[in-house]
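Fold the following for me, if possible:
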Amino acid sequence: MLRQAENLPQKKKRNHLSVQEKANVSKRLDAGENLQDVAADIGVHPETVRKWHKAGATLNQFVNQCGNKARKTTRRPVLEELDGEMIAWFLQQRAEGHLVPTRTLQEKARAVNKALGGDEAFKASTGWVAKFKTRHGIGSTVEEKSADEDSATVATDELEEFLEEEGYDLDYVYSMAETRCCWKALPSRPEAHAGEKRADGMPMPFHRFTVVMCANATGTHRLPLMVVGRYRKPRCFKHCSGLPVFYRGQAGSCLTTALFEDWFVNCFKPFVEMKQFAAGTSGRVLLLVDNRAVHKVSDGGLGDKFRVKFLPASPAALVAVQPLDHGAMVKRGKSL
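As a prediction, the model looks like this:
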């Protein structure tokens with residue numbers, strides 16, 4: 001059976017180009033390049049390249065009108081009139097320096113749909129908003145960053161090699177990260193059109209708290225959240241007999257070295273040891289943290305079987321190996 005499977009022809013991988021790239025291919029042919037050479041260069045069938053060349057004018061027009069240069073199709077939205085009115089309004093709001101959070105966008109879409117006599121069932125759902133933003137290249141672009149793909153690849157390979165050499169059980173390889181929640185402020189990362197270089201936000205608001213999240217590599221064990229607020233004993237906790245989170249107070253609502261060690265010794269270690277006791281195991285435990293000065297634990301706090309490993313300092317490499325940077329914190333935050 002294995003030999004038969006090996007002899008089967010491999011399915012050819014399709015090369016999906018963006019509309020911008022297709023328009024560039026058409027321009028190359030207009031400049032006099034050979035069609036066969038261009039097709040071989042981009043790994044696409046010559047007949048497909050010929051179709052793109054014939055549709056060159058349409059592709060160029062679409063690229064000039066579309067904010068998202070990464071789109072791969074020229075398909076128009078179902079509610080095209082509403083879409084046109086909304087992107088014109090959005091660009092006007094951004095030109096005037098106004099913030100356009102998702103809720104405002106939804107309210108405006110419902111109002112415009114009603115004014116156009118559209119379908120009464122239209123609710124401007126989060127799904128519609130997501131597709132609208134994707135079509136027009138709208139996102140929270142605080143600043144332009146160039147991802148260092150090489151360092152990301154190296155970091156991933158090094159981490160995998162380290163885990164294999166040390167023989168860690170993935171059930172006991174944990175990842176910890178923190179984020180700030182500004183609960184009394186306008187969005188600090190306003191939505192921006194793809195044509196804008198950056199969407200300047202507001203200064204860091206005073207009313208905030210820090211949330212620390214931690215889970216194992218297999219996703220089978222999530223520790224309680226650690227919340228760092230401004231006050232050690234807030235008045236709103238007066239009648240609370242217990243909290244579902246590990247709460248600590250700090251004047252700046254920030255995670256300090258002392259608080260990190262407090263969390264490690266009094267939250268992380270006990271919960272991991274409880275899991276090991278329930279599973280009847282006692283293996284070594286690894287905690288992956290961002291490369292920050294506050295993420296330090298004294299030798300006495302670590303113990304014999306616990307180890308803390310810093311992730312790479314490079315932003316691109318950090319995102320590649322930090323699971324909590326892949327949307328997990330956003331998803332968990334929505335449940336708060």
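
I figured Lys296 was touching Phe264, is that so?
No. When contacts are counted by Cβ atoms under 8 Å, Lys296 is not listed as touching Phe264 (9.5 Å). Placement of C-beta: from N, CA and C, glycine included.

Now do the shared contacts for the two.
Each of Val308 lies in contact with both Lys296 and Phe264 under the rule Cβ atoms under 8 Å, 6 or more residues apart in numbering.

which one of these two has more residues nearby?
Ranked by neighbour count (other Cβ atoms under 10 Å), Lys296 and Phe264 place Phe264 first, with 23 against 15.

Flag every buried residue along stretch 269-282.
In terms of neighbour count (16 or more other Cβ atoms under 10 Å), stretch 269-282 has its buried residues at 269, 271-272, 275-276.

what comes up buried for stretch 289-299?
Buried positions in stretch 289-299, judged by neighbour count with 16+ other Cβ under 10 Å: 289-290, 295, 297.

how about the residues you listed, which pair is most distant?
Asp290 and Val297 (14.2 Å; Cβ to Cβ).

need the strands for this structure, in chain order.
173-181, 209-216, 226-229, 246-249, 285-289, 306-310 (DSSP state E).

and of those strands, who's closest to Glu158?
Glu158 lies closest, by Cβ to Cβ, to one member of the strands of the chain: strand 306-310, at 10.8 Å.

Provide the contact partners of the closest one at residue level.
Here strand 306-310 makes contact (Cβ under 8 Å, 6+ apart) with 162, 264, 269, 272, 284-291, 295-297, 302.

partner strands of that strand, parallel or antiparallel?
Sheet pairing here is set by DSSP bridges, and for strand 306-310 it gives strand 285-289 (parallel).

Touching the strand it pairs with from outside, list them.
Contacts for strand 285-289 (Cβ under 8 Å, 6+ apart): 163, 166, 168, 172-177, 214, 264, 268, 272, 295, 305-311, 321-322.

So what's the residue count around Met86?
A count of nearby residues for Met86, using other Cβ under 10 Å, gives 21.

And Glu33, by the same measure?
Burial measure for Glu33: 13 neighbouring residues, criterion other Cβ under 10 Å.

OK, contacts around it?
Taking Cβ under 8 Å, 6+ apart as the test, Glu33 contacts no residue whatsoever.
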